[in-house]
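K.L.:
Below are the sequence and a predicted model; questions follow.
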Amino acid sequence: MTHRIGWNRWLAAALAVAVVTALAVVLGVAKVTTHHPSWRPASNYSPAASSDGATVTWGGDGLVHDYARIANGDLVEFVNNNVGGQPWNAYDLSVGAPGGGPIAADPVAEWSCCSGPTSPTDPYIHVYARTPAGDLVEYVNNNVGGHLWNAYDLSAAAGGGGPITGKPAVAYDYLDNTPHVYVDTPSGHVTEYVHDNVNGHVWNTYDLSVGAGGGGPIAGDVTAFESTTRDGFIHVYARTAGGDLVEYVDDGVGGHLWNAYDLSVGAGGGGSVGGSPVGLSLSTPCDAADNLIHVYVATPIGQLVEYVDDGVGGHLWNAYNLSVGAGGGGAVTGRPSLVFADCGDGLVHVYVNTPAGQLTEYVNDNVNGHPWNAYDLSAGAAGGASIIGDASSVEGPAPSKHEELISVFAWSPGGAGNDLMYYVNQPASGHPWSVTDLSAVTAAR
C-alpha cells in the first residue's frame with residue numbers, strides 16, 4: 001500500500017481549522033499588504049498555485065499575484081492592484097528586495113497563511129527560485145529592515161544546502177506552519193529544504209533519494225503538496241532517471257520516514273513518462289470531491305495521462321490517457337498546469353501547450369458523451385494567441401461562492417520579445433475567456 005491514514009495528523013488539521021476560524025472571527029487575520037492598503041479575505045480552500053511557467057499565487061488581499069522571470073532574468077511580480085490608474089502593475093523584486101538578483105529558472109510561489117488549515121502566524125507570500133549560480137533563493141514579503149520584500153539564499157544558509165537544478169516545488173505543512181521545498185540536485189537527488197530550526201540552522205536539507213525506502217535518482221522537476229484532509233502526508237512526484245513516475249510520501253512505513261513508490265510499474269495502464277508531473281488531492285469542504293490524488297504528466301510521445309489512486313481493477317493506482325480519450329484531445333508538450341475549481345464548478349482543469357503552440361484546457365465536464373474534453377484557448381479566447389513553454393494557473397479570486405475565476409498565465413511570442421498573457425474565464429466579445437497582454441500594459445518584459 002502506498003498510503004496509510006494518518007489520523008493523528010488529520011485530527012490535528014481539523015482542530016487547526018477550528019482554531020483558525022475562531023481566531024479569525026475574534027481577532028481578524030493579520031496580513032502584510034503586498035501593494036494595496038486594503039484587502040478582503042480570499043478563499044481558504046483554493047489549491048496551491050501551480051509550479052509551472054510563470055507561477056502564481058494570491059493571498060489575503062483578494063488579488064492575483066503572478067511571479068515571472070522576464071527577459072533580463074529578473075523576478076517580477078505582476079498584480080492586479082489598480083494602482084496609479086493601472087489595472088495591472090509590475091514590480092521588479094530582483095532589484096527591490098535586499099539580497100535579490102537575477103534568477104535562472106521559473107519560480108514557484110505559495111501563500112502560507114490561509115490556503116489550507118493553518119494558524120495565521122505566517123501571513124506572507126513565499127517565492128522560491130534558482131539563481132544563475134544554482135542556489136535556492138527565497139523571496140518573502142515580510143517587511144524586514146524597512147523593505148517590503150527580502151531575499152534569502154537557502155543553499156548558502158541551510159545546513160547541508162548546495163546547488164540545485166531546475167525549478168523547485170513547495171508544500172506548506174499546515175500542522176507545524178513550516179514550508180517544505182523540494183528540488184532536484186546536479187546528482188539527480190530529490191532534496192527537501194525545511195524551515196525546522198534544527199542544529200543551529202533555520203533551514204536544513206534532507207536527501208530523500210538516499211534516505212527514502214525505494215528512493216533513487218530523478219530527472220527533471222518535482223511537484224509537491226500536503227494532503228491535509230486526506231492522509232496528512234506530503235506527496236512528492238517526479239520522473240526517475242529511467243523515465244518512470246515515482247511518488248515520495250512521508251508515510252513512516254517500513255521504518256523509513258519517507259518511502260518511494262514506482263507508479264509507472266504499479267499502476268494499471270501505467271508506463272514511461274516524458275516530462276515533469278503536477279498533482280493535487282481532490283479534497284475540499286466546498287463541494288463534493290472524490291478525495292483521491294490526481295497526477296497529470298505527458299508520456300514520451302506527448303500524450304497527456306492522468307494517474308489516480310482510485311483502486312479500480314485491483315490496482316491502487318490507475319493511469320488514463322486523456323489525449324486519446326478526451327473529446328478534442330491530442331498531443332501535448334512540456335509540463336501541465338492544474339486547477340481544481342473546488343469552490344467553483346467542482347471540476348478539474350488542466351492546462352497544456354501543444355506542438356502547435358496552442359494553450360489548451362482539458363476539463364472533466366462530461367460534455368458530448370466524453371468524461372473529458374479539450375478546448376483550444378489560444379483560438380477560442382478573446383485576444384488569445386499562440387504560446388511558448390508551460391502555462392501556470394490558479395483558482396481565484398472569488399466574486400462569490402460557486403463563481404470562482406480561473407487565472408492562467410502563459411508566454412506568447414511578441415514583436416519585441418515574449419509577452420506574458422493573462423487568460424481569465426470571464427466572457428468578452430462573445431467568447432467565454434478573455435486575454436490581457438500584461439507585458440504590454442505594464443511595460444515589463
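P.N.:
Sure thing, it's come through.

K.L.:
Tell me where the stretch 201-350 of the chain has helices.
P.N.:
208-211, 263-266, 322-325 (DSSP state H, counting those that start in this stretch).

K.L.:
So which bits of the last one are buried?
P.N.:
Going back to what we said before, that points to helix 322-325. Residues of helix 322-325 classed as buried: 322-323 (neighbour count, 16 or more other C-beta atoms under 10 Å). Every residue, glycine included, has its C-beta placed from N, CA and C.

K.L.:
The residue nearest to V79 when sequence neighbours are not counted: neighbouring residues, count only.
P.N.:
Closest residue to V79 apart from its sequence neighbours, by C-beta to C-beta, 6 or more residues apart in numbering: H65 at 5.0 Å. Per other C-beta atoms under 10 Å, the neighbour tally for H65 reads 26.

K.L.:
Also the one 3 residues further on?
P.N.:
A count of nearby residues for A68, using other C-beta under 10 Å, gives 25.

K.L.:
how much space between it and G274?
P.N.:
For A68, the distance to G274 (C-beta to C-beta, to the nearest Å) stands at 25 Å.

K.L.:
Ok, G327 next?
P.N.:
Distance from G327 to G274, by C-beta to C-beta: 23 Å.

K.L.:
what about the two, which has more around it?
P.N.:
Per other C-beta under 10 Å, whichever of G327 and G274 has more neighbours is G274, with 18 against 15.

K.L.:
got the contact list for D74?
P.N.:
Under the criterion of C-beta atoms under 8 Å, 6 or more residues apart in numbering, the neighbours of D74 are 92-95, 102-103.

K.L.:
meant to ask about D376
P.N.:
328, 358-360.

K.L.:
Now pLDDT and neighbour count too, for the contacts of D74, in CSV please.
P.N.:
Shown next, in CSV, are the contacts of D74 (pLDDT from 0 to 100; neighbours: other C-beta atoms under 10 Å):
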residue, pLDDT, neighbour count
D92, 95, 15
L93, 96, 23
S94, 96, 23
V95, 96, 12
P102, 95, 16
I103, 94, 27
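
K.L.:
so of those residues, which ones are in helices?
P.N.:
93-95 (DSSP state H).

K.L.:
Let me know the closest of those to W433.
P.N.:
Within the ones in helices among the contacts of D74, proximity to W433 (C-beta to C-beta) peaks at L93, which comes in at 28.5 Å.

K.L.:
Tell me who's in contact with that closest one.
P.N.:
Residues in contact with L93 (C-beta under 8 Å, 6+ apart) are 67, 74-77, 100, 127, 139, 149, 151.

K.L.:
Not counting its neighbours along the chain, what's nearest it?
P.N.:
Per C-beta to C-beta, 6+ apart, closest to L93 is L75, 4.6 Å.

K.L.:
With G328 instead?
P.N.:
Here the residue nearest G328, using C-beta to C-beta, 6+ apart, is A374, at 3.9 Å.

K.L.:
so H126 sits right up against V140, yeah?
P.N.:
Yes. H126 sits in contact with V140 when judged by C-beta atoms under 8 Å, with a separation of 5.5 Å.

K.L.:
if I read this right, the residue nearest to G328 contacts G325, doesn't it?
P.N.:
No. A374 lies out of contact with G325 (C-beta under 8 Å); the separation is 10.2 Å.

K.L.:
which stretch among the helices of the stretch 201-350 of the chain comes nearest V424?
P.N.:
helix 322-325 (23.4 Å).

K.L.:
just how off-centre is that closest one within its chain?
P.N.:
Counting by C-alpha atoms, centre = their mean, to the nearest Å, helix 322-325 is centred 23 Å from the centre of its parent chain.

K.L.:
ditto for stretch 189-208
P.N.:
Distance of stretch 189-208 from the chain centroid (C-alpha atoms, centre = their mean) equals 21 Å.

K.L.:
mind checking the end-to-end distance for it?
P.N.:
This stretch, stretch 189-208, spans 7 Å end to end (C-alpha to C-alpha, to the nearest Å).

K.L.:
Could you confirm A379 falls within a helix?
P.N.:
Yes. Using DSSP: H, G, I helix; E, B strand; the rest coil, the assignment for A379 is a helix.

K.L.:
ok, it - contacts?
P.N.:
Q358.

K.L.:
worst-scoring helix or strand of this protein, pLDDT-wise?
P.N.:
helix 7-26 (a mean of 33; mean pLDDT, DSSP states H and E).

K.L.:
rewinding a little: what would the ones in helices among the contacts of D74 look like in JSON lines with distance to V170?
P.N.:
Converted to JSON lines, the ones in helices among the contacts of D74 look like this (distance: C-beta to C-beta, whole Å):
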{"residue": "L93", "distance to V170": "17"}
{"residue": "S94", "distance to V170": "19"}
{"residue": "V95", "distance to V170": "23"}
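
K.L.:
Can you tell me which of the residues you listed is nearest N425?
P.N.:
L93 (27.9 Å).

K.L.:
what's the burial count for the nearest residue to L257 once chain neighbours are set aside?
P.N.:
Leaving aside its sequence neighbours, L257 sits nearest to D250 (C-beta to C-beta, 6+ apart; 5.7 Å). Neighbours of D250 under the rule other C-beta under 10 Å: 22.

K.L.:
again with G84
P.N.:
By other C-beta under 10 Å, neighbour count at G84 equals 6.

K.L.:
thought G160 was touching V210?
P.N.:
No. Counting by C-beta under 8 Å, G160 does not reach V210; the two are 11.5 Å apart.

K.L.:
In contact with P163, which residues are there?
P.N.:
Contact analysis of P163 by C-beta under 8 Å, 6+ apart lists 133-135, 155, 185-186.

K.L.:
Between its first and last residues, how far does stretch 305-319 reach?
P.N.:
Across stretch 305-319, first to last residue, C-alpha to C-alpha, it's 6 Å.

K.L.:
quick one, strands of the stretch 101-250 of the chain?
P.N.:
108-111, 125-130, 136-140, 150-153, 165-173, 178-184, 190-194, 204-207, 223-226, 234-239, 245-249 (DSSP state E, counting those that start in this stretch).

K.L.:
could you dump those strands to a markdown table with mean neighbour count?
P.N.:
Below are the strands of the stretch 101-250 of the chain laid out as a markdown table (neighbours: other C-beta atoms under 10 Å):
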| stretch | mean neighbour count |
| --- | --- |
| strand 108-111 | 26 |
| strand 125-130 | 26 |
| strand 136-140 | 25 |
| strand 150-153 | 20 |
| strand 165-173 | 24 |
| strand 178-184 | 23 |
| strand 190-194 | 25 |
| strand 204-207 | 19 |
| strand 223-226 | 25 |
| strand 234-239 | 26 |
| strand 245-249 | 26 |
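
K.L.:
mind checking which of those is nearest W411?
P.N.:
strand 165-173 (14.7 Å).

K.L.:
P168: which of the helices of the stretch 201-350 of the chain is closest?
P.N.:
With C-beta to C-beta as the criterion, P168 lies closest to helix 208-211 of the helices of the stretch 201-350 of the chain, at 13.7 Å.
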